[in-house]
Every structure is written in structure tokens, then in C-alpha cells.
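Undergrad: Fold the following and give me the result.
(one chain, ligands or ions: 2)
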Amino acid sequence: MFLAAMRHFAGELAKRGFPCDYQWLDDAANTQTLAGELRRAVTRHQPEALVMVQAGDWRVQQALETVAREAGIRMEIRDDRHFYCPVDWFREYSAGRKQLRLEFFYREMRRMHDVLMEGAQPVGGQWNFDSDNRESFGKKGPAFVAPPVAFPPDKVTVEVMELVRRCLGTNPGETARFDFPVTRPQAELALEDFIERRLPEFGKYQDAMWTAEPYLYHSRLSAAMNLKLLSPRRVVAAAVEAYRTGKAPLPAVEGFIRQILGWREYVRGIYWTQMPAYAQSNALNAQTPLPGFFWTGDTPMNCLQQTITQTFRYGYAHHIQRLMVTGLYALLLGVRPREIHEWYLAVYVDAVEWVELPNVLGMSQFADGGRMASKPYAATGKYIQRMSNYCAGCRFDPAASTGDRACPFTTLYWEFLLRNEEQLRSVPRMELQLRNLERLTESQRMAIVARAAQVRSM
Ligand SMILES: Cc1cc2nc3c(=O)[nH]c(=O)nc-3n(C[C@H](O)[C@H](O)[C@H](O)COP(=O)(O)OP(=O)(O)OC[C@H]3O[C@@H](n4cnc5c(N)ncnc54)[C@H](O)[C@@H]3O)c2cc1C
Ligand code: SF4
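TA: Ligands and ions are numbered 1, 2, ... in the order given. Alright, predicted model coming up:
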């Protein structure tokens, strides 16, 4: 997707008469690193100065600055106006705050940017409509969900797909079903399609999962926004307009806007103010290697099998699949944060480090010790059972924590609490879960630990 979007953009620049020096990935002279290519470009063009928009990845920023320094050229880094919240503003906002919480940051963003506001008050008298959202589909499953508009690959994209097969063919994943937007007009169409056909139900079902329904009511717009094919301001304005014109209810619109004006900006602020130390976080001292089946989907756990297979097929999984299936399993198992971070960065079409790393390390693995989330997202298999139909097709029982049919999530949930009990005592929102742990008898604890050892060798 990155390469296809880049090549379309290079073509557009050429058409509009802007000079653009595009380096081809399969050119024999290509050094295969951005820094190496910048070094070669500096030799070719002998510039007086380099001007760039702040990079998405800390590592890329460092590498390009190093090239400029070594070549003795002035480098000007411009703020990325694509985002609502400049990094310096976030730095000031977070300085001195012992705890950062999304909810307060989000309210500040709503006020500052006058989004869904009536004077100083939130539209509808509430900042947050979570209590109206987060339903599951029940036994019947979802009604017909209009699939997102598809963009069959054009000549440029087909060439990229062939290039990917040729140069990166041994990597996991497929290109065959690729149909994401790769140009601005396509991204605009994808936005319109989402607003018209799926936004009204977005809030209600944003946490629900269902077999063979990868997108449900989600927008599938993350990659287009991360690649700047679509401005988040444009997306937020379109959602507000849908509310104002009566096309979508307030809980859906507010829930959707919170993801973009809230979470997306919040994680970027955390990333740029905490790097590079953030990438090394491992507050729970998790040391288990990433299970091999994360690269194949070959596991009897149906929820993981479905989510991982879908991931390799489409390069996409929605938020709850990422957080409460793959992320949850890694958290409970105690996978090394670095390894699970590298997996997420490798497998999703929207993966860029500034957004992926805080979501993985902070939100899903609690590796930052609570900087980003107020508690670990730890749950048993019963959560997955409530929010999906995965358990109905699984050989395990989400209600059982011990015995041969015990759901690995449920066993590992209790083992996770046992393993991290002391540390979690300092997390106020874990009080209830730890009180339930105290009710376990010694023999129940031993049975859980024994079953967890079996699960770990599965
Ligand atoms: C473990 C984990 C890893 C993730 N990795 C990435 C990643 O590499 N790249 C990425 O863009 N998002 C990532 N996310 C956030 C979120 O899951 C995806 O943005 C979302 O699933 C993309 O699908 P969508 O466009 O259909 O989103 P929708 O559900 O339609 O949401 C709308 C938009 O809100 C934004 N958004 C929603 N949740 C978040 C969030 N937690 N953080 C930042 N933005 C958010 C996205 O831009 C998204 O397009 C990750 C979340 C988790 C839990
Ligand atoms: S029973 Fe457990 S492993 Fe099986 S699908 Fe449900 S949560 Fe996943």
C-alpha cells in the first residue's frame, strides 16, 4: 500500500509539473534504506539545505538528520500540520502531569478545535456515549453489513504487487485481495462510503467481532490517513456533518470522532514525547518468546486462528481483534514487548511506528507501566465469547480455567494475575480483579499453574 500510494503520488507530481526524483526499489543501485537513498540524492543534487516534514518514525527522523549532519547540510524539520496537536503542545500539556488520561486530553481537543461543541458544553450534554455503544451481535449475528468500497488495482498498483511478490515474496501475507485506496480521490470515496453506509452503526458495534466479517462497521480509513491521502480534519468534519444532517446518531459520531481526535492524537503525543526510551519499556518484565503460530495462524484457538488468518489475508484487523485477541493473548502469556511490537509493525497495512508502538506497548501490553492506559486490558475468554461467535466454533470452553477443555485465555488470565499480583496492587483499577484472585483456594491456584504450563507448550 505504501509503495502503490507513493508511486501514484509521484505520478501526480510529475503530471502537475513538480520536479520529483523518485528512486525505484528494484533499481540495482538502490541502497534499500531511506538514509542511503538520501545520501545518494545529496550527491546528485548538491542541495544548500534539506527541508522535511517531521517523520512518522523516530528512527527515520534520526537516520535522515544524521545524513544531513554528516554531509554538513542544514536541515529544517517542519511540524506535521496533518495532525491537530503539535508535539510541542503535547509536551507542555503532559509535563508535570503524573498521569495522562485519554478522556481529559480528548475533551481539551474538542474544546480547542470546536468539535461537537455548543459553546463551552459538549453537544448532547455528554462527552462520552460509551454506555450506548459496545453491543455484541447476539446469537443471530450481524445483519447485512455493506462491505467497504473496493478499489481494484490499476496498472501502477499491479506493478507494485508484482514487485512485492518478486522482492518480498517470502514474507508472510498475501497481495491477491489488495483493494485499499491508494490515491486521494479514492480515499475520499472510501470516506463517503463509510459515512453513508456504516457510520450510523459504528458506535453500537465497534467492539463486536464475527467470523469472516473483517470490517463490520469500521471505517478502514487508518492507512489512508496515515499515508496522508486523507486529512483527519476532513474525516472528522464529514462525521460531524453526518450528525448535523441527521444521517448518523450522536453516539456513533462521537465514538468515531473520539478515535481520531482523541486516541490518534494522544498516541502520537505519547510516542514523540517518550521516544526513544519508550521502545524499551517492559514494566511487567515479560520474557516469553512470541509463539510461532502468530506467523501462520496454525492454532486450535479459534479466535486467534480467525484473527491471524484474516490479518495475513487482508492486512487488516479491527481494534478489538488487535487489542482483545492477539494483544490480549500476548499480554496474558507474557510475550516480550519488543517481539509483539515487531509483529504488529510487520503485519498491518496501516502500521507506522508512531501509532503502532504506543498501542502495542502501552495499551495492549501495559509495558509502559500505565503511562497510557489506566489498567492492563486483561480478560478471560468470556469477554471474547460475549463479543463474538468465535467460541462457538472452538474446542475450548471459555468458562473453564482448568482441565483439558479450559480456554487458554481463561487459564492464562488467572496465571497473569498470580504472576503479576504484587505489581498490580499499585494499580487502583485492578482492585476488583485482585479481590477475585484472593478468593481462589490453594488447590485452584496449583491447578491453574499446571494447566498454564500445558497451554504454554501448545
Ligand atoms: C495492538 C494494537 C495495534 C495497533 N496498531 C495500529 C497501527 O499500526 N496503525 C494504526 O493506524 N492503528 C493501529 N491501532 C489502532 C486501531 O486498532 C486501528 O487504527 C484501527 O483498527 C484501524 O481500522 P479502521 O480504520 O477501520 O478504524 P476505525 O475503527 O474505523 O476507527 C477510525 C479511526 O480512528 C483511528 N483510531 C482508532 N483507534 C485508534 C487507536 N487506538 N490509536 C490511534 N488511532 C486510532 C484510526 O485512524 C482509525 O482509522 C492499533 C491498535 C492496537 C490495539
Ligand atoms: S474458547 Fe477461548 S480460545 Fe476458543 S475462541 Fe473462545 S476465547 Fe478463543
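Undergrad: Please make it C-alpha for all contacts and neighbour counts, starting now.
TA: OK.
Undergrad: residues from the protein in reach of ligand 2?
TA: Residues of the chain found near ligand 2 (CA under 6 Å from any ligand atom) are 301-303, 381, 384-385, 390-391, 394, 396-398, 407-409.
Undergrad: those strands in this protein, which residues are they?
TA: Remark: strands assigned in the chain by DSSP state E are 49-53, 74-78, 117-118, 121-122.
Undergrad: how about these in JSON lines, adding mean pLDDT and mean neighbour count?
TA: Formatted as JSON lines, the strands of the chain follow (pLDDT from 0 to 100; neighbours: other CA atoms under 10 Å):
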{"stretch": "strand 49-53", "mean pLDDT": "96", "mean neighbour count": "13"}
{"stretch": "strand 74-78", "mean pLDDT": "96", "mean neighbour count": "14"}
{"stretch": "strand 117-118", "mean pLDDT": "96", "mean neighbour count": "14"}
{"stretch": "strand 121-122", "mean pLDDT": "96", "mean neighbour count": "15"}
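Undergrad: To Glu196, which of the ones you listed lies closest?
TA: Nearest of those to Glu196, taken as CA to CA: strand 117-118 at 22.7 Å.
Undergrad: where's the closest one relative to the chain centroid, distance-wise?
TA: 29 Å (CA atoms, centre = their mean, to the nearest Å).
Undergrad: Within the sheet, what are the partner strands of that strand, with directions?
TA: On the basis of DSSP bridges, the sheet neighbours of strand 117-118 come out as strand 121-122 (antiparallel).
Undergrad: how about low-confidence regions in the stretch 301-450 of the chain?
TA: Scanning the stretch 301-450 of the chain for pLDDT under 70 picks out nothing.
Undergrad: all helices for it, in order.
TA: With DSSP state H, counting those that start in this stretch, the ranges of helices along the stretch 301-450 of the chain come out as 302-314, 319-321, 327-333, 337-347, 353-357, 381-387, 408-424, 431-438, 442-456.
Undergrad: what number of residues lie near the closest residue to ligand 1 within the stretch 351-458 of the chain?
TA: Using CA to the nearest ligand atom, Ala351 is the residue of the stretch 351-458 of the chain that sits closest to ligand 1, at 3.1 Å. As a burial measure, Ala351 scores 18 neighbours (other CA atoms under 10 Å).
Undergrad: ok, it to Ala223 distance?
TA: Per CA to CA, to the nearest Å, Ala351 is found 8 Å from Ala223.
Undergrad: Point out the most buried one among the helices of the stretch 301-450 of the chain.
TA: A comparison of those by mean neighbour count, using mean count of other CA atoms under 10 Å, puts helix 327-333 on top with a mean of 26.
Undergrad: outside of stretch 384-401, which residues touch it?
TA: Outside stretch 384-401, the residues within contact range by CA atoms under 8 Å, 6 or more residues apart in numbering are 135-137, 139, 141, 207-211, 300-303, 306, 324-325, 380-382, 405-411, 414, 448, 451.
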